[in-house]
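A.B. asks: sequence and predicted structure, then a few things I'm wondering about:
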Amino acid sequence: MRVLQVGKFYPPQRGGIETVLESISESLLPSADVRVLVANIENRTRHEVVRGVPVTRAASLGTLAATSVCPSFGRWMRRLAGDVIHLHESNPLATLTYLAVRPRGSLIVSFHSEIVRQQRLVRGYGPFRRLLLAHAARILVATPDHLRHSPSLSPFLDKCAVVPFGIDLDRFGGSPDVLRQASTLKERFGSPLVLFVGRHVQYKGVEVLLEAMSKVDATLLIAGDGPMRRVWESSAARDQAVNPIYFLGEVAADDLPALYYASDVLVLPSTNRSEAFGLVQLEAMACGRPVISTRLDSGVGWVNRHGETGLLVEPNDPRALACALRQLLGDPELGRRMGMQGQARAKREFDRRVMGTRLTTIYRDALESNPLAGAGCQRG
C-alpha cells in the first residue's frame with residue numbers, strides 16, 4: 001500500500017501538525033510505502049530521505065496570509081499520489097491544491113483543529129474546507145472531544161474516526177544515562193521543579209503560569225522558544241525574587257527526556273482551544289510525570305484525565321493553577337501515583353506503534369469500500 005502524507009513542513013519545529021506528520025509517517029514504515037509532500041522554505045524543490053521516509057519539499061515563492069505559495073505543489077501531489085492520500089488540515093495550500101488537482105487515491109483527512117484566531121481566513125477558507133471534508137473517505141480526529149466540539153465536523157460525523165496521536169515511547173524509557181542527566185539537572189536547579197515545554201506563543205498561557213508561581217515554593221523551568229519569549233522573560237524578571245525561573249531555550253530532542261525525569265510536574269497552562277491536544281502531555285506521561293493542564297473545549301482534557309493522570313484547572317486562572325501545583329508538590333505520593341497511571345495510559349493509548357496499526361486498518365477499510373481509488377497506483 002502506497003501512502004502520500006501531505007503536510008506543511010518536515011521535519012517539524014517542536015509541536016503541532018508537523019510533529020504529528022513525522023510520527024505518523026515513521027509509524028507506517030513497517031507496513032506501507034510512505035511518501036511525504038510539504039512546502040519548502042526556498043525557491044527550489046528538494047528530495048530527501050529523513051529517517052527512512054522519502055520527503056519532497058516543493059519550491060516556494062514565499063508566503064501569502066501565512067500560507068506557502070508553491071506553484072509546483074499540484075504537480076508533485078499528482079506525481080506522488082498513491083493508494084491513499086492522507087492530508088493534514090488545516091493547511092490551505094494542501095486543501096486548495098487537492099481540490100484543484102483531484103489526484104488518484106482514497107482521501108483521508110486528519111482534522112487537527114478549528115481555526116480559532118484568523119476569522120477572516122475562516123470566512124474565505126471555510127467553504128473549501130467543507131468541500132474537502134465532503135470528498136474524504138474518512139476524517140480522523142485525535143480525541144472524542146473533537147467530535148463533540150468542532151462545528152466543522154458535525155455534517156460528517158458518520159465518516160469520522162478517533163485515532164489518538166502516538167509518540168515513540170522508547171525515547172522516554174528512562175535509560176541509566178537519562179537518569180544520570182536528570183540527577184545532574186536536579187543538582188543544578190534544585191527541587192521541586194515545575195516544567196513547561198512548548199512554543200512561546202500567546203495561547204500557551206505562560207503568563208498565567210508565571211503569576212501562579214509567585215504563590216508556589218518551587219523552581220520553574222521553561223523550555224522552548226518563540227515570539228513571546230522576551231515578553232515572558234521581562235515578566236519573569238520582576239518575579240525572580242520570589243522563585244527562580246529559568247528560560248532554557250530550545251532543548252534538543254535527545255536531552256528532553258532527562259528534563260522530564262528531573263521535574264516533579266509538567267504544566268500546560270494553555271488559554272484557548274488553539275491547544276488542540278498537547279503532545280507534551282504524552283511525553284511527560286511516558287516519563288511517569290503528572291500533568292497539570294487546563295479545561296479547554298478541545299482534546300487537552302481527554303488526554304490528561306483529572307484525578308487520574310494529573311489535574312485540570314480553568315484556563316486564565318492563576319489562583320487555581322497555584323492551588324493545583326501546591327496540591328501535587330505537597331503530596332509526592334499523589335504525584336507518583338498519577339505519574340504511574342499516566343505512564344500506563346501512554347503505553348495503552350499513545351504508543352506510536354498502536355497509532356500506526358489503527359491507521360493502517362483505516363486505510364485498508366477505505367480502499368476496500370472504494371477499490372477504484374487506488375487504481376493504477378503501486379501497491380505493497
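C.D. replies: Thanks, I have the structure now. Numbering: from 1, shown residues only.
A.B. asks: wait, Leu179 sits on Ala262?
C.D. replies: No - if you go by CB atoms under 8 Å, Leu179 and Ala262 don't touch, sitting 9.4 Å apart. Every residue, glycine included, has its C-beta placed from N, CA and C.
A.B. asks: of those two, who's got more company?
C.D. replies: Ala262 (24 against 14; other CB atoms under 10 Å).
A.B. asks: residue contacts, that one?
C.D. replies: Shown in contact with Ala262 (CB atoms under 8 Å, 6 or more residues apart in numbering): Gln181, Ala182, Ser183, Leu185, Lys186, Phe189, Leu193, Leu195.
A.B. asks: quick one: the fourth one and Leu259 touch, right?
C.D. replies: Put plainly, it is Leu185. Yes - assessed by CB under 8 Å, Leu185 is found in contact with Leu259 at 6.6 Å.
A.B. asks: more crowded one of the two?
C.D. replies: Using other CB under 10 Å as the criterion, Leu185 and Leu259 rank with Leu259 on top: 24 against 19.
A.B. asks: do you know how far that one is from Asp225?
C.D. replies: 15 Å (CB to CB, to the nearest Å).
A.B. asks: neighbours of the nearest residue to Val101 once chain neighbours are set aside, just the number please.
C.D. replies: Leaving out its chain neighbours, the residue that sits closest to Val101 by CB to CB, 6 or more residues apart in numbering is Gly74, at 4.4 Å. By other CB under 10 Å, 18 other residues sit near Gly74.
A.B. asks: could you do Pro315 as well?
C.D. replies: 22.
A.B. asks: surely it and Glu275 touch.
C.D. replies: No - using CB under 8 Å, Pro315 makes no contact with Glu275, being 9.1 Å away.
A.B. asks: residue ranges of the helices in the stretch 151-300 of the chain, please?
C.D. replies: Per DSSP state H, counting those that start in this stretch, the stretch 151-300 of the chain carries helices over the ranges 176-189, 206-213, 229-239, 256-262, 279-286, 300-303.
A.B. asks: please disregard the earlier target; I meant the stretch 1-150 of the chain.
C.D. replies: With DSSP H, counting those that start in this stretch as the criterion, the stretch 1-150 of the chain has helices spanning 16-28, 73-80, 92-101, 119-135, 144-149.
A.B. asks: can I get those in CSV with mean pLDDT and distance to Ala218?
C.D. replies: Compiled in CSV, those are given as follows (pLDDT from 0 to 100; distance: least, CB to CB, whole Å):
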stretch, mean pLDDT, distance to Ala218
helix 16-28, 88, 28
helix 73-80, 97, 48
helix 92-101, 95, 42
helix 119-135, 84, 38
helix 144-149, 92, 30
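A.B. asks: out of those helices, deepest packed?
C.D. replies: Neighbour counts (mean count of other CB atoms under 10 Å) averaged over each of the helices of the stretch 1-150 of the chain peak at helix 16-28, with a mean of 22.
A.B. asks: and that helix, what does it pack against?
C.D. replies: Under the contact definition 3 or more CB pairs under 8 Å, 6 or more residues apart in numbering; DSSP states H and E, helix 16-28 sits against strand 2-6, strand 33-39, strand 53-58, strand 84-89, helix 352-369.
A.B. asks: quick one on the thing from earlier: was I right about the residue nearest to Val101 contacting Thr97?
C.D. replies: Yes - if you go by CB under 8 Å, Gly74 and Thr97 touch, sitting 4.8 Å apart.
A.B. asks: would you reformat the contacts of Ala262 as CSV and include distance to Ser90 and pLDDT?
C.D. replies: As requested, these are arranged in CSV below (distance: CB to CB, whole Å; pLDDT from 0 to 100):
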residue, distance to Ser90, pLDDT
Gln181, 37, 97
Ala182, 37, 97
Ser183, 42, 97
Leu185, 37, 97
Lys186, 40, 96
Phe189, 38, 96
Leu193, 35, 98
Leu195, 29, 98
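A.B. asks: which of those residues are buried? Put it as a ChimeraX command.
C.D. replies: To isolate the buried members of the contacts of Ala262 in ChimeraX, using 16 or more other CB atoms under 10 Å:
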select :181,182,185,186,189,193,195
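A.B. asks: per-residue confidence at the residue lying closest to Ala284 once chain neighbours are set aside?
C.D. replies: Among residues not flanking Ala284 along the chain, Leu266 sits closest, at 3.7 Å (CB to CB, 6+ apart). Leu266 carries a pLDDT value of 98.
A.B. asks: and Leu266, how many neighbours does it have?
C.D. replies: Using other CB under 10 Å, Leu266 has 28 neighbouring residues.
A.B. asks: ramachandran coordinates for the closest residue to His146 other than its chain neighbours?
C.D. replies: Spatial nearest neighbour of His146, chain neighbours left out: Gly299 (5.7 Å); criterion: CB to CB, 6+ apart. Backbone dihedrals for Gly299, given as degrees, to the nearest 10, come out at phi -90, psi 0.
A.B. asks: same check on Gly105?
C.D. replies: The phi/psi pair for Gly105 (degrees, to the nearest 10) is phi 120, psi 150.
A.B. asks: number of nearby residues for it?
C.D. replies: Neighbour count of Gly105, defined by other CB under 10 Å: 27.
A.B. asks: give me the spatial nearest neighbour of it, chain neighbours excluded.
C.D. replies: Per CB to CB, 6+ apart, closest to Gly105 is Ile85, 4.2 Å.
A.B. asks: partners of the one you found in the sheet?
C.D. replies: Beta-bridge pairing of Ile85 under DSSP bridges involves Leu4, Leu107.
A.B. asks: where does it land on pLDDT?
C.D. replies: pLDDT recorded at Ile85 is 97.
A.B. asks: how close does the residue nearest to Val101 get to Leu80?
C.D. replies: 11 Å.
A.B. asks: what's near enough to touch Arg305?
C.D. replies: Arg305 neighbours (CB under 8 Å, 6+ apart): Arg345.
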